[in-house]
Every structure is written in structure tokens, then in C-alpha cells.
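**Student:** need coordinates for the following:
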Amino acid sequence: MQFLILGKGKTGSLVAEIARERGHAMRALDIDENRDASALTAASLDGVDAVIDFTAPEAAVENMTAVLGCGGRIVVGTTGWYAHLDAMKALARERGGALLYGTNFSIGVQKLFRLSADLAKLDGYTFSIAETHHVTKLDAPSGTAITLRQIIEAAHPGAKVEVVSHRVGDAMGEHIVTALGANDTLELRHEIQSRRCLAEGAVRGAEWLAGKQGAWDFREIFDQL
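**Tutor:** Numbering: from 1, shown residues only. Model prediction:
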């Protein structure tokens, strides 16, 4: 397959590395090479099976608009842009493109989501979330923490789940879900030790997305990979 990777940061560079390891052809663009999505045209996307975006929220919206507007396919690992999600889904449908998005492309985090949904069924507990990321992460709370909060609050309508965000050094990502009861405490914890888990999930997602039309949350399809 032919992939176009947007973003040459730490995760984007790993995406390129894993794409090569899995036998794919690829090229990568950094923000200066693709300012305002100027490099994403029908001609430049010809023959590209999927675009993979690990950039920044504003850039991701521009990139999605350009790719989906051409009827292309894009995997978005960037978070912090979900106010535009409905518009991006509509654009994918209108132009026959495909969008795969997710607050976290780690398979381990996907399992954390499911375990948290089960934990959230408990009555008589107060739930909270703590998350830690690197100091350059733009959004707080993280998209993953927001998803965890939504999962728990869906089980307890009207409840408010506190999220505490920490930005420390080069931390790659830790999420802790705590259920505090009158007599005991339960915790679920996931810590990323290598960004490869994020990058591999994005590449496998791009493999899955090739040839499809529509829009999906990674949570919906990860167990098909």
C-alpha cells in the first residue's frame, strides 16, 4: 500500500518506520511542507491508499478537509479537534471519502476503555480519572481521558467525573481510572512505555481503511485488525 504521513514528530516518525517494516511504500510531510494543507490535492493524493495524520488540532482539520474533499481516506491520531467531527463525517459521506479517528490508537487503551465500561457499572462508587502527558501536549484533558469520562458518565447519567491532568517532561501517556467506595478502592491503569503502540495501531488502521467509504471511531473497529 501507499501511505502519506502528515507530521514528522516523535509519533509520526514511528508511523513511517512501522509502515516501512510492514512493507508499505510511504512518504512523509512536515508542517512546513504542508502549510494550510497546501500539499494535499487530488493530484498529490492519486495512488495514496490512506493518509495518516499526527499533527496538531488546527492542522488536522485543514488536512481532513483537503483529503476528504478529494474523496480520499485519512486516519487521524491527532486529538483536540472533535468540535468539527460532525462536519468531517458529513464531508466523508458527501465526497465518498473515509475517516478513521480515535482518541488513542493503542490496542491496550482500547482494552482500558472496555474494562472501564465494565467498572462503571458499579453502584456506590465515586469515579475519577488522572492523566499524565508530555509538556508539549496541547489539549488538556487528553482525548483519551475525555473518552474515559464519557464512558463512565454514560453508566451514571448526571454524574460528574473529575479529570486531573498533569504535563510532565516527555511522559508518553498514563491514564488511571479510580473507583472510590466506602470500604475499598479499585484502579485501572494504563501507561504507554513506547509510542510504537500508537503508531502501530494507526498503521493497522490505515490498512483496514483502504478501499472503504464512511467514518469510524477506532473503538468500533480495533478488534477487526
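**Student:** show me where the chain has helices.
**Tutor:** Counting by DSSP state H, the chain has these helices, from start to end: 10-21, 42-45, 57-69, 85-95, 107-119, 143-155, 196-209, 218-221.
**Student:** residue ranges of each domain in the protein, please.
**Tutor:** Per the record, the chain has its domains at 2-105+196-224, 107-191, by automatic domain parsing.
**Student:** start to end distance for the first one?
**Tutor:** For domain 2-105+196-224, the first and last residues are 21 Å from each other (Cα to Cα, to the nearest Å).
**Student:** now stretch 16-26
**Tutor:** End-to-end distance of stretch 16-26: 7 Å, with Cα to Cα as the criterion.
**Student:** who touches that stretch?
**Tutor:** Defining contact as Cβ atoms under 8 Å, 6 or more residues apart in numbering, one finds that stretch 16-26 is touched by 1-5, 8, 28, 52, 196, 199-200, 203, 206-207. In short, each C-beta sits where N, CA and C put it, glycine included.
**Student:** cool, stretch 189-206 as well?
**Tutor:** Counting by Cβ under 8 Å, 6+ apart, 1, 3, 10-11, 14-15, 17-19, 22, 24, 49-50, 52, 54, 73, 75, 77, 100, 102, 104-109, 112, 172-177, 218, 221-222, 225 sit against stretch 189-206.
**Student:** any idea of the mean pLDDT in that stretch?
**Tutor:** For stretch 189-206, mean pLDDT is 96.
**Student:** repeat for stretch 52-63
**Tutor:** Mean pLDDT, computed over stretch 52-63, is 96.
**Student:** pull out the buried positions in that stretch.
**Tutor:** Ile52, Asp53, Phe54, Thr55, Ala56, Pro57, Ala59, Ala60, Val61, Glu62, Asn63 (16 or more other Cβ atoms under 10 Å).
**Student:** same list (these) but as a markdown table, adding distance to Arg95.
**Tutor:** A markdown table is the format used below for the buried residues of stretch 52-63 (distance: Cβ to Cβ, whole Å):
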| residue | distance to Arg95 |
| --- | --- |
| Ile52 | 19 |
| Asp53 | 17 |
| Phe54 | 23 |
| Thr55 | 21 |
| Ala56 | 24 |
| Pro57 | 22 |
| Ala59 | 20 |
| Ala60 | 17 |
| Val61 | 16 |
| Glu62 | 16 |
| Asn63 | 14 |
